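**Student:** Turn this into a model:
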Amino acid sequence: MNHLQETSINHCRSAGLLGEGFGATPEMCKKNLIWVVTRMQVVIDRYPTWGDVVQVDTWVSASGKNGMRRDWLVSNSETGEILTRATSVWVMMNKLTRRLSKIPEEVRGEIEPFFMNSDPVLAEDSQKLVKLDDNTAEYVCKGLTPKWSDLDVNQHVNNVKYIGWILESAPLPILESHELCVMTLEYRRECGRDSVLQSLTAVSDSNVDITRKFGEINCQHLLRLEDGAEISIEIQVSESWLEGEEAVVLGYS
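**Tutor:** Below is the predicted model of the structure:
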């Protein structure tokens, strides 16, 4: 995920769009607009092994009338074998009001020359993500707080950091025996440096034995704020885990 983000930043730099924010055009800067990711899907066909050199390709396309889609392909640079496919949807937010915004025509004229007319690398996951709560979550980790290094240029938590928090509440037997292979994330609210969060996890099939070494296991996750009775959804995830010959403990920070 860090490689995907780094490649996106390099893309924006080469296009001259780093400005005051990630991918911000001159008109976006004038209008106090920034890009925020709302949804991301990742499919890992195979993990690279030690010594492999990988290549990451990325490009952007239109997504509806007021969004942008960014796709990635991660491949083995020597053989060309596709290792990971990922797609994401981005929308604009006013950085002062923190509200979503339509794309102004002046901004549309700046960004459309960079769009490629291509299909997503992944078909849209139509599965409805389950909303977890105290009654449906089987595993809960509390007291998660961001560090200064977890914040991006807009002073909210880097979207990669959420994955590390998600795994904090994942059952240890799954982490020890399986590898993450499919992940769908929905980002529903930004998280700031003073936020305190809880990570919730549920195994989709209550009858599944999480200690088993073989077969696919599906989990749902939710990150929520710890600031009172009304809980705000930060991110919700549906993922699949496949057994690995060499177990990998996944952690991103």
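
**Student:** What ranges does the stretch 51-200 of the chain have for its helices?
**Tutor:** Taking DSSP state H, counting those that start in this stretch to define them, one finds helices in the stretch 51-200 of the chain at 105-111, 161-168, 172-177.

**Student:** which of those is buried the deepest?
**Tutor:** Among the helices of the stretch 51-200 of the chain, helix 161-168 has the highest mean neighbour count (mean count of other CB atoms under 10 Å), at a mean of 22. Every C-beta, even on glycine, is put in place using the N, C-alpha and C of the backbone.

**Student:** Check the offset of that helix from the chain's centre.
**Tutor:** Centroid displacement of helix 161-168 relative to its chain, using CA atoms, centre = their mean, to the nearest Å, is 10 Å.

**Student:** Repeat that for stretch 104-119.
**Tutor:** In terms of CA atoms, centre = their mean, the gap separating the centre of stretch 104-119 from the centre of its chain is 23 Å.

**Student:** same deal with stretch 178-188?
**Tutor:** Centroid displacement of stretch 178-188 relative to its chain, using CA atoms, centre = their mean, is 8 Å.

**Student:** what number of residues lie near G51?
**Tutor:** By other CB atoms under 10 Å, 5 other residues sit near G51.

**Student:** how close does it sit to A123?
**Tutor:** 33 Å (CB to CB, to the nearest Å).

**Student:** Repeat that for W72.
**Tutor:** Between W72 and A123 the computed distance is 15 Å (CB to CB).

**Student:** For M183, find the nearest of the helices of the stretch 51-200 of the chain.
**Tutor:** Nearest to M183 among these is helix 161-168 (7.8 Å), distances taken as CB to CB.

**Student:** Check which helices and strands the closest one sits against.
**Tutor:** Using 3 or more CB pairs under 8 Å, 6 or more residues apart in numbering; DSSP states H and E, the elements in contact with helix 161-168 are strand 139-144, strand 178-187, strand 197-203, strand 217-225, strand 233-243.

**Student:** if we can go back for a sec, mind giving me CSV with the helices of the stretch 51-200 of the chain and columns for distance to Q220 and mean pLDDT?
**Tutor:** CSV is the format used below for the helices of the stretch 51-200 of the chain (distance: least, CB to CB, whole Å; pLDDT from 0 to 100):
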stretch, distance to Q220, mean pLDDT
helix 105-111, 34, 94
helix 161-168, 10, 89
helix 172-177, 13, 88
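
**Student:** a markdown table for those, including distance to K65?
**Tutor:** Shown next, in a markdown table, are these (distance: least, CB to CB, whole Å):
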| stretch | distance to K65 |
| --- | --- |
| helix 105-111 | 9 |
| helix 161-168 | 27 |
| helix 172-177 | 40 |
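
**Student:** Determine which of those helices approaches L223 most closely.
**Tutor:** L223 sits nearest to helix 161-168 of all the helices of the stretch 51-200 of the chain, at 5.8 Å, using CB to CB.

**Student:** how big is the angle separating that closest one from strand 217-225?
**Tutor:** Counting by axes from the mean of the first three to the mean of the last three CA atoms, to 10 degrees, helix 161-168 lies at 120 degrees to strand 217-225.

**Student:** Chain neighbours aside, what residue packs nearest to V60?
**Tutor:** Excluding its sequence neighbours, the residue lying closest to V60 (CB to CB, 6 or more residues apart in numbering) is R70, at 5.1 Å.

**Student:** I'd guessed that neighbour sits against T58; true?
**Tutor:** Yes - look at R70 against T58 with CB atoms under 8 Å: they come within range, at 6.3 Å.

**Student:** that older thread, around the residue nearest to V60, count how many other residues there are.
**Tutor:** R70 sits with 22 neighbouring residues when counted by other CB under 10 Å.

**Student:** Is it bridged to anything, and to what?
**Tutor:** Note on R70: beta-bridge partners by DSSP bridges are V60, S88.

**Student:** For it, give me its contacts.
**Tutor:** Contacts were defined as CB atoms under 8 Å, 6 or more residues apart in numbering; by that measure R70 touches 8, 58-60, 87-88, 90.
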